[in-house]
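Engineer: structure of the sequence below:
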Amino acid sequence: MGHRMVTVNRSPHVLLPDASRVLALPFFPGETNFGGDRSRVDLIVERIQALSDEEVRRQVERVTESFVGRHRNLEEVWDRHAERAAGLAPVVHEFSPERRKLVGMAFTQEYAFESTAVCNPSIAALGDESPDGTQEFVMTVRAIGEGHLSSISFRTGRVTADGKVELDEVSRWAQHGTRTSGRFESSIFRHRLQEMRVDNEFSNRVLDELGSEFTLEDLEVALARLAASDVPAALRFETERAMHWLAASNYEVRFDDIPFSERVLSPAAPVESRGMEDARLVRFTDDDGSERYYATYTAYDGFEALPQLIETTDFRSFKVATLTGACARSKGIALFPRKIDGDYVALARTDNESTFVMRSDHVRRWEVAELVLRPSEPWEMIQAGNSGSPIETDDGWLVIMHGVGPMREYVLSAVLLDLEEPTKLVARMREPLLVPEESERNGYVPNVVYSCGALVHGDVLVVPYGFGDYGIRIATMSLSEVLAAMD
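Structural biologist: Prediction:
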């Protein structure tokens, strides 16, 4: 290994923001009207109720003609939103089907989820390599829309035997899936409440009522059963609010059988109300040979950024869960693709500038971290961190890294960790692997190249990356050249 040059090839693909791709999201104005006790929902429903049948018919026809072609299943969305409105204003149950549809229209809005930027992609293999040497892959994309609100969208493609990257066509439609409450592990739930400083007589009594796993419905039953207990009202109120907040941050999302590019994970919980950022996707193989996909991402509520975990086996059904533990506080957690000595292992940046390795017997609980690497080169003098999950090679765990240097310029580099003891640094690049070229410098955030995951296919290293926090390109290079360029 030494100071050898790495030939970086940028593929012709360039992904850019697209304001024409929109989600049909709920739109329910504030619950209470300023200056009165009537809810905004009640007032809107009252106005719809006052319309004549002919006025309702004209409005339904106009909106249908204008919007249905922009979505795959807008009629179903309107029906769901009308049902939600009926839960707040029961008179909707008495409306005719057409008037009810207008209610659904009134409480629906379009959101251009990738109108501002697409950036910070991750990538993982899908299925086995085909007989002709082609490997299919799925790529996550951070999609940014109005108000700097980030969602997670998907792209698919393949790497051919000769290292050529192909991307599938992107659908004109997009959906955010059907959200349901998930199942909770009592031990993790209890531990997270303790971290939130909600560890009291009432919370313990509620959790003692539940089994090792429970649902939101089980939680509601337990809270109702203890409603008449002798716990002070203020303590009960604060505890119930915290438990509901935590339960709402653990959920499931299911999609119909639609193209990958139509599936969008948009913020659905209090912890991520202002964005789901920088998903780091990994195909994880368990000790028994079973496979699943994990993605760690940064949940942002406008005040605090916390890591969350996504789990899926088919990219149709996703489980989203909070992480707990003293070390589950930093941005940029990236899981290793398998256990090491029976433990889950992950990279983290617990001090906000250096690289640590964490170990745990539970994928959602992280208590200890060991320092591996501090920033040392000029191009990472501000901070450094992983750019995705480690990739297993014969020589060690290859980790694509990002470094932040003067003028807040982000570049990519690489390090190699020991296969058996990943806290041991085997080798590293002393120079950047990828820097912003002139055409990539300008954007939403200038002077940035950033990735959340890479893929190796044969001797080809595929690194999708965001530039300028605005668009996405894909770089390919020789894995052997990258390894040879390390000290």
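Engineer: going forward, measure contacts between C-alpha atoms and count neighbours the same way
Structural biologist: Will do.
Engineer: pLDDT weak spots in the stretch 101-250 of the chain?
Structural biologist: Counting by pLDDT under 70, the stretch 101-250 of the chain contains no low-confidence range.
Engineer: please enumerate the strands of it.
Structural biologist: With DSSP state E, counting those that start in this stretch, the ranges of strands along the stretch 101-250 of the chain come out as 108-111, 117-126, 135-144, 150-159, 165-167, 178-181, 183-185, 213-215.
Engineer: which of those sits closest to Tyr444?
Structural biologist: Of all the strands of the stretch 101-250 of the chain, strand 117-126 sits nearest to Tyr444, with 7.4 Å by C-alpha to C-alpha.
Engineer: quick one: contacts of that closest one?
Structural biologist: Under the criterion C-alpha atoms under 8 Å, 6 or more residues apart in numbering, residues 15-17, 135-145, 278-283, 388, 444, 450-455, 464-467, 469-472 lie in contact with strand 117-126.
Engineer: quick one: strands adjacent to the one helix or strand Tyr465 maps to?
Structural biologist: Using DSSP states H and E, Tyr465 maps to strand 460-467. Strands flanking strand 460-467 in the sheet, each with its direction: strand 449-450 (antiparallel), strand 455-457 (antiparallel), strand 471-478 (antiparallel) (DSSP bridges).
Engineer: could you dump those to JSON lines with mean pLDDT and distance to Phe184?
Structural biologist: Shown next, in JSON lines, are the strands paired with strand 460-467 (pLDDT from 0 to 100; distance: least, C-alpha to C-alpha, whole Å):
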{"stretch": "strand 449-450", "mean pLDDT": "98", "distance to Phe184": "34"}
{"stretch": "strand 455-457", "mean pLDDT": "98", "distance to Phe184": "33"}
{"stretch": "strand 471-478", "mean pLDDT": "98", "distance to Phe184": "36"}
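Engineer: Phe28: which element?
Structural biologist: When the helices and strands are read off by DSSP H and E, none of them contains Phe28.
Engineer: what's near enough to touch it?
Structural biologist: Counted by C-alpha under 8 Å, 6+ apart, Phe28 has contacts 41, 107-108.
Engineer: hey, what's Val118 bridged with?
Structural biologist: Beta-bridge partners of Val118, counted by DSSP bridges, are Ala143.
Engineer: run a quick neighbour tally on it.
Structural biologist: By the measure other C-alpha atoms under 10 Å, the count of residues near Val118 is 28.
Engineer: state the helix or strand in which Arg58 lies.
Structural biologist: Per DSSP H and E, the secondary structure element for Arg58 is helix 53-67.
Engineer: give the other helices and strands that that helix contacts.
Structural biologist: helix 97-106 (3 or more C-alpha pairs under 8 Å, 6 or more residues apart in numbering; DSSP states H and E).
Engineer: most packed of the strands paired with strand 460-467?
Structural biologist: Most buried of those by mean neighbour count (mean count of other C-alpha atoms under 10 Å) is strand 449-450; its value is a mean of 30.
Engineer: how far away is Ile144 from Phe113?
Structural biologist: Going from Ile144 to Phe113 by C-alpha to C-alpha, to the nearest Å gives 6 Å.
Engineer: these two - which one has more neighbours?
Structural biologist: More crowded of Ile144 and Phe113, by other C-alpha under 10 Å: Phe113, with 29 against 25.
Engineer: hmm, that one is touching Ser20, no?
Structural biologist: No. Applying C-alpha atoms under 8 Å as the test, Phe113 and Ser20 come out as separate, 9.4 Å apart.
Engineer: show me the contacts for Val460.
Structural biologist: 163, 476-479.
Engineer: retrieve the pLDDT associated with it.
Structural biologist: Looking at Val460, its pLDDT stands at 98.
Engineer: from Val165, how far out is it?
Structural biologist: Applying C-alpha to C-alpha to Val460 and Val165 gives a distance of 10 Å.
Engineer: I'd like to know how many residues surround Asn9.
Structural biologist: Asn9 has 12 neighbours, counted by other C-alpha under 10 Å.
Engineer: backbone phi and psi for Ala19, please?
Structural biologist: The phi and psi values for Ala19, taken as degrees, to the nearest 10, are phi -70, psi -10.
Engineer: for it, which non-adjacent residue is spatially closest?
Structural biologist: Computed as C-alpha to C-alpha, 6 or more residues apart in numbering, the closest residue to Ala19 that is not its neighbour in sequence is Ser115, at 4.1 Å.
Engineer: check contacts around the nearest residue to Thr116 once chain neighbours are set aside.
Structural biologist: Nearest residue to Thr116 in three dimensions, chain neighbours excluded: Gly145, at 5.0 Å (C-alpha to C-alpha, 6+ apart). Listed by C-alpha under 8 Å, 6+ apart, the contact partners of Gly145 are 111-117.
Engineer: go again using 7 Å as the cut-off
Structural biologist: 112-117 (C-alpha atoms under 7 Å, 6 or more residues apart in numbering).
Engineer: next: Arg283.
Structural biologist: Under the criterion of C-alpha under 7 Å, 6+ apart, the neighbours of Arg283 are 124, 291-294, 337.
Engineer: what of Pro432?
Structural biologist: Taking C-alpha under 7 Å, 6+ apart, we find Pro432 in contact with 411-413.
Engineer: how near is it to Thr355?
Structural biologist: Here Pro432 is placed at a distance of 17 Å from Thr355 (C-alpha to C-alpha).
Engineer: that older thread, could you list the buried residues of the helix holding Arg58?
Structural biologist: 56, 60 (16 or more other C-alpha atoms under 10 Å).
Engineer: likewise for stretch 84-103?
Structural biologist: Of the residues in stretch 84-103, those buried by neighbour count under the rule 16+ other C-alpha under 10 Å are 84-86, 89, 92, 99-103.
Engineer: with the residues you listed in mind, which one is nearest to Arg263?
Structural biologist: When those are compared for distance to Arg263 (C-alpha to C-alpha), Arg84 wins out at 22.3 Å.
Engineer: ok but the closest one is inside a helix, no?
Structural biologist: Yes. According to DSSP: H, G, I helix; E, B strand; the rest coil, the state of Arg84 is that of a helix.
Engineer: returning to what we had before: from Pro378, how far out is the residue nearest to Ala19?
Structural biologist: Distance of Ser115 to Pro378, given as C-alpha to C-alpha: 35 Å.
Engineer: ditto for Glu353
Structural biologist: Glu353 is 14 Å from Pro378, where distance means C-alpha to C-alpha.
Engineer: these two - which one has more neighbours?
Structural biologist: The residue with the greater number of neighbours, taking Glu353 and Pro378 and applying other C-alpha under 10 Å, is Glu353; the counts read 19 against 13.
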